[in-house]
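>>> Next input, structure requested:
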Amino acid sequence: MKQYWSNIFTSIYTMLVGMKVTFKHLFKKPVTLKYPYEKDPNIPAISRMKLEVEYDDCIGCKQCERACPVQCIHITTTKALPEDDLAPTSKGTARKLLTTSFVIDFSECMYCNLCTYPCPEDCIHMTPNYEFGKYDKDLLITDFSPLSSEEQQQRLKLAEDLAAAAAAAKAKAAAEKELSSTASGKEQ
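Got it, this is the predicted structure:
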C-alpha cells in the first residue's frame, strides 16, 4: 500500500513540475508573429533586398549589365531619332540613346548590389522591400521599358536598316575615293 501512495505522489509531483514550465510560458508575450498582418520591428533595414529602376533616368550606358556577375540584366538600346523627344535625366544629363528594353530576371538575381555602383545616373538601386515573393517564373522577369514588344522590334529593325544604309554609303564613298585616286594616278 505504501508503494501505491508513493506512485501517486510521484506522478502528481512530476505533473506539477511539467505544468510549472507550461504555466511559466503560458502568460508570456507570444514570440510568433502573424506575418502578413504583423511585421517584426527587429528586422534591420538592409539596403540589399530588391532592385528598383528609375527608368526615366536611364541613359542606356549598360554599365549595370556589364557589372552583373550572373547576367540577369538585359538592356537593348537604339540611337535616338530626331522625332524622339528624349528629356534629360534628373541630373541634367542629355540622353543620346533610347533604351528600348530594360529587363531584370529576378529568378537569377543574387541581390549582390554590384549593379548599383557603376550607374552614373543612380537610376538603379536596392530598396529595403523584402515582400516580393512570387511563384511564377514569368512574374520574376521585370521589363522596365515603356515600349511594347512590337514597338521594340520595329525600333530594332529601323536601327538595323539605318546601320545598313550608313555602311552602304560609307562603302560607296570609299569606292569613289579609291576610283578618284586611281584616276588621278593614271593622269600623272
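
>>> Show me where this protein dips below the pLDDT cut-off.
43-48, 130-140, 183-188 (pLDDT under 70).

>>> For Asp105, grab phi and psi.
Backbone torsions for Asp105, taken as degrees, to the nearest 10, come to phi -100, psi 100.

>>> which residues does it contact?
72-74, 140-141 (CB atoms under 8 Å, 6 or more residues apart in numbering). Just so you know, the C-beta spots here come from the backbone N, C-alpha and C atoms, and that holds for glycine as well.

>>> Quick check: Lys177 vs Pro118, distance?
Counting by CB to CB, to the nearest Å, the gap from Lys177 to Pro118 is 41 Å.

>>> And these two? Which one has more around it.
Pro118 (14 against 10; other CB atoms under 10 Å).

>>> Nearest spatial neighbour of the more buried one, chain-adjacent residues omitted?
Using CB to CB, 6 or more residues apart in numbering and skipping residues adjacent in sequence, the residue nearest Pro118 is Gln63, 4.0 Å away.

>>> Kindly tell me how buried the one you found is, as a neighbour count.
17.

>>> hang on, it packs against Asp122?
No. The pair Gln63 / Asp122 is not scored as a contact, 11.7 Å apart, by CB atoms under 8 Å.

>>> what about the helices in the protein?
Ranges of helices in the chain, per DSSP state H, are 2-26, 63-67, 149-187.

>>> which strands and helices sit next to the last one?
Right, the one you point to is helix 149-187. For helix 149-187, the contact count by 3 or more CB pairs under 8 Å, 6 or more residues apart in numbering; DSSP states H and E identifies strand 73-79, strand 97-105 as packing neighbours.
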